[in-house]
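Q: please find the sequence and the predicted model below.
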Amino acid sequence: MATLDTTQLLAALEPVVEENLNRHIGVAQEWMPHEYVPWSLGRDFKELGGEPWSVDQSQLSPIARTALEVNLLTEDNLPSYHREIDRAFGRESAWGEWVNRWTAEEGRHAFCIRDYLLVTRGVDPDELERARMDTMTTGYDSGDKSLLSVCAYVTFQELATRVSHRNTGRYADEPIAEKLLTRVAKDENLHMIFYRNLIQAALELSPNQTMRAITDEVKEFQMPGSIIPGFGRKAVQMAMAGIYDLRIHHDDIVAPILRQWGIWDLEGLDADGEQARDELATAVGALDAEATRFVEKREARAAKLAARQNA
């Protein structure tokens, strides 16, 4: 089967985009971010004669603060994400309508999480602002991914973000944070379903080309927050806490999406498509093995710490 260029893919998938945009609008529930922020807890900071932030004011543990900062800074980079999907999808027809709808929905995530953190004094606001400036100045660059690669990537990424928000909310052990992040996660889940359905349609339209895109994105996947200052260290802390780790990435993100797409049972692939699927199987197997090693090391470390405490 011939490879379709971007213009052909945009035209062929446009009815699918329109159908899923209408479905999305039909099931998405209106919600008001300001309703999830405990405004009564707010007070002035130093510039207005109030009290500067100190760590003892935060109800959050150090790891919870780190996770919320990473989640917020990831959401902050929305202008870069908008630019990338606008480049890939264009501004015409249902594609352009989706770009704007998605951006509008994503926009509320950052400001409601930030409002919560500032009002509750959950994190150092000065350090948070400096990190926001650094992150947004760096920006996110998809590397000119193809249309199918963008759709494949954001399918995995939206689900990963949903899981990260939900797990952060649970780990924070603070009812308002959990309620807020659970609500944000619902948006991310609907966005994931939209993109997942596009790839499902693309697998029927151009299976070999789409298989290659999926394989490349699984092999090269990085969270968009990887440009956040100190992301590597912070990601390790979140992984050690079980908020987001390789086991979660394999079991709750990659494996279920591939299963939903019917990747392993897909028929009619040519030699290139089969090669891409073989590479995908190898990559998923390697991810599974690496996840197992990580969990074993984490459990061994926890056992050693427990033994020291009980000694």
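A: Received it, and whenever you're ready, just let me know what you need.

Q: got the contact list for Glu19?
A: By Cβ atoms under 8 Å, 6 or more residues apart in numbering, the contact list for Glu19 is empty. (Each C-beta comes from the backbone N, C-alpha and C, glycine too.)

Q: distance of Thr155 from Trp31?
A: Per Cβ to Cβ, to the nearest Å, Thr155 is found 23 Å from Trp31.

Q: so those two - more neighbours on which side?
A: Applying other Cβ atoms under 10 Å to Thr155 and Trp31 shows that Thr155 carries more neighbours, namely 26 against 14.

Q: touching, the more buried one and Arg196? I think so.
A: Yes - between Thr155 and Arg196 there is a contact under Cβ atoms under 8 Å: 4.8 Å.

Q: mutual contacts of the two, please.
A: Ile257.

Q: where along the chain do the strands fall?
A: With strands called from DSSP state E, the chain shows none.

Q: what's the closest non-adjacent residue to the residue nearest in space to the middle of it?
A: In the chain, the residue lying closest to the centroid (Cα atoms, centre = their mean) is Thr161, at 2.7 Å. The spatial neighbour of Thr161 that comes closest, neighbours along the chain excluded (Cβ to Cβ, 6 or more residues apart in numbering), is Glu188 at 4.9 Å.

Q: burial of the one you found, as a residue count?
A: Neighbours around Glu188, by other Cβ under 10 Å: 23.

Q: what's the distance between it and Ala213?
A: Following Cβ to Cβ, the distance that separates Glu188 from Ala213 is 21 Å.

Q: quick one: low-confidence ranges for the stretch 51-200 of the chain?
A: Counting by pLDDT under 70, the stretch 51-200 of the chain shows no low-confidence range.

Q: let's go with 90 and repeat that
A: 141-144 (pLDDT under 90).

Q: wait, Val154 sits on Ala88?
A: No - using Cβ under 8 Å as the test, Val154 is too far from Ala88 to be in contact (9.5 Å).

Q: compare these two and say which is more crowded by neighbours.
A: Val154 (27 against 22).

Q: the closest residue to the more buried one other than its chain neighbours: neighbour count?
A: In space, Val154 comes closest to Tyr195 once its chain neighbours are excluded; the distance is 4.8 Å by Cβ to Cβ, 6+ apart. By other Cβ under 10 Å, 24 other residues sit near Tyr195.

Q: got it, and Thr66?
A: For Thr66, using other Cβ under 10 Å, the count is 21.

Q: show me which helix runs longest in this structure.
A: Taking DSSP state H as the criterion, the chain has its longest helix at helix 271-310.

Q: list the buried residues of that helix.
A: Buried positions in helix 271-310, judged by neighbour count with 16 or more other Cβ atoms under 10 Å: 273, 276-277, 279-280, 283-284, 287-288, 291, 298.

Q: now swap in stretch 11-20 and tell me
A: For stretch 11-20, a neighbour-count test (16+ other Cβ under 10 Å) marks 13, 16-17, 20 as buried.

Q: please apply the same query to stretch 101-117.
A: By 16+ other Cβ under 10 Å, the buried positions in stretch 101-117 come out as 101-102, 105-106, 108-110, 112-117.

Q: kindly report the same for stretch 209-219.
A: For stretch 209-219, burial by neighbour count (16+ other Cβ under 10 Å) applies to 209-218.

Q: please enumerate the helices of this protein.
A: 6-27, 62-76, 78-89, 93-120, 125-138, 147-172, 175-205, 207-220, 231-240, 246-248, 255-261, 271-310.

Q: out of these, flag the one nearest Pro52.
A: Closest to Pro52 of the helices of the chain, according to Cβ to Cβ: helix 125-138, at 8.6 Å.

Q: residues contacting the residue nearest to the centre of the chain?
A: 71, 74, 185, 188, 223.

Q: kindly report the same for Ala12.
A: Here Ala12 is in contact with 4, 205 (Cβ under 8 Å, 6+ apart).
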